[in-house]
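Asks: this one's structure only:
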């Protein structure tokens, strides 16, 4: 149980294009999902908290117009990197919290984004 | 806000030895402390967690201890095996607020 999937697992795009990453909780409902960014050999940096049916809460320094988050259902959240630039290249990981109220976050496998 | 420090950044041990990773947190309101293991290019996986009403928790070769007064918690791995080699992250959060704050990670290398 408690499986989170992410799609795509990797993507290469040209500078200036937009990329959408999907995060799905497969066997549980998640009122809250989280989006992290991880640079090589570094820790996970929380970008935003995504709540089903409401606007995401962004961490300080994260541009909400650049990283669009939508959490339209209890099993799906999407992150869209708009007008991507090479500095946006990173490993993006989502996590989901079971709505039954435990604190445990289950992580997706991550998406490696490379912007040329 | 919460700040979590983690030490050491790298740890090399021989197979069969014990490994200890320590974390300190700043917010006394934090009451949930998970540990994650991340292998290269893969997702972080929860290996053990502890809540502030408990001082110690053990699961086979892995144990976590918590000192609320000193605001630090530690991961203990006994009888280490090469497959324990990975990056380990501690984290802290306040129940109900959901957000996890991660430590900087410890790269553990277990040599055969």
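Replies: Okay, I see it. A quick note: this is a predicted structure, and the numbers were derived from the prediction, not measured.

Asks: Buried residues in stretch B:5-20, which are they?
Replies: B:6, B:11, B:13, B:19, B:20 (16 or more other Cβ atoms under 10 Å in any protein chain shown). Placement of C-beta: from N, CA and C, glycine included.

Asks: Using the three-state scheme, assign the second one.
Replies: Pointing back at residue B:11 there. strand (DSSP: H, G, I helix; E, B strand; the rest coil).

Asks: who in chain B is up against chain A?
Replies: Proximity of chain B to chain A (Cβ under 8 Å from any Cβ of the partner chain) is limited to residues B:32, B:34, B:36, B:41-46, B:49, B:89, B:93, B:95, B:98-105, B:107.

Asks: out of those residues, which are buried?
Replies: The neighbour-count test (16+ other Cβ under 10 Å) marks B:32, B:34, B:36, B:43-44, B:49, B:89, B:93, B:98-103, B:105, B:107 as buried among those.

Asks: Quick check: the farthest pair among the residues you listed?
Replies: Across these, the longest distance by Cβ to Cβ is 27.6 Å; it joins B:98 and B:107.

Asks: ok, which stretches of chain B are strands?
Replies: Using DSSP state E, the strands of chain B run over residues B:4-7, B:10-14, B:19-25, B:32-38, B:45-51, B:56-59, B:62-67, B:72-77, B:86-92, B:101-102, B:106-111.

Asks: I figured residue B:6 was touching residue B:90, is that so?
Replies: Yes - judged on Cβ atoms under 8 Å, residue B:6 makes contact with residue B:90 at a distance of 5.5 Å.

Asks: okay, and the common contacts of these two?
Replies: Listed as contacting both residue B:6 and residue B:90 by Cβ atoms under 8 Å, 6 or more residues apart in numbering or on different chains are B:21, B:23, B:103.

Asks: I'd like those residues as TSV, with pLDDT appended.
Replies: As requested, these are exported to TSV (pLDDT from 0 to 100):
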residue	pLDDT
B:21	98
B:23	98
B:103	96
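
Asks: Can you pull the phi/psi pair for the nearest residue to residue B:68 once chain neighbours are set aside?
Replies: Nearest non-adjacent residue to residue B:68, counting by Cβ to Cβ, 6 or more residues apart in numbering or on different chains: residue B:52, 5.8 Å away. Phi and psi for residue B:52, reported as degrees, to the nearest 10, are phi -70, psi -10.

Asks: hmm, back to that, which one of the shared contacts of residue B:6 and residue B:90 is nearest chain A?
Replies: For these, the closest approach to chain A (Cβ to the nearest Cβ) belongs to residue B:103, at 6.7 Å.

Asks: Next up, the contacts around the closest one.
Replies: Applying Cβ under 8 Å, 6+ apart, the residues near residue B:103 are A:43, B:4, B:5, B:6, B:23, B:89, B:90, B:91.

Asks: Just give me the least confident of those residues.
Replies: Of all those, residue A:43 carries the smallest pLDDT score, 92.

Asks: Isn't that residue up against residue B:106?
Replies: No - assessed by Cβ under 8 Å, residue A:43 is found out of contact with residue B:106, at 10.4 Å.
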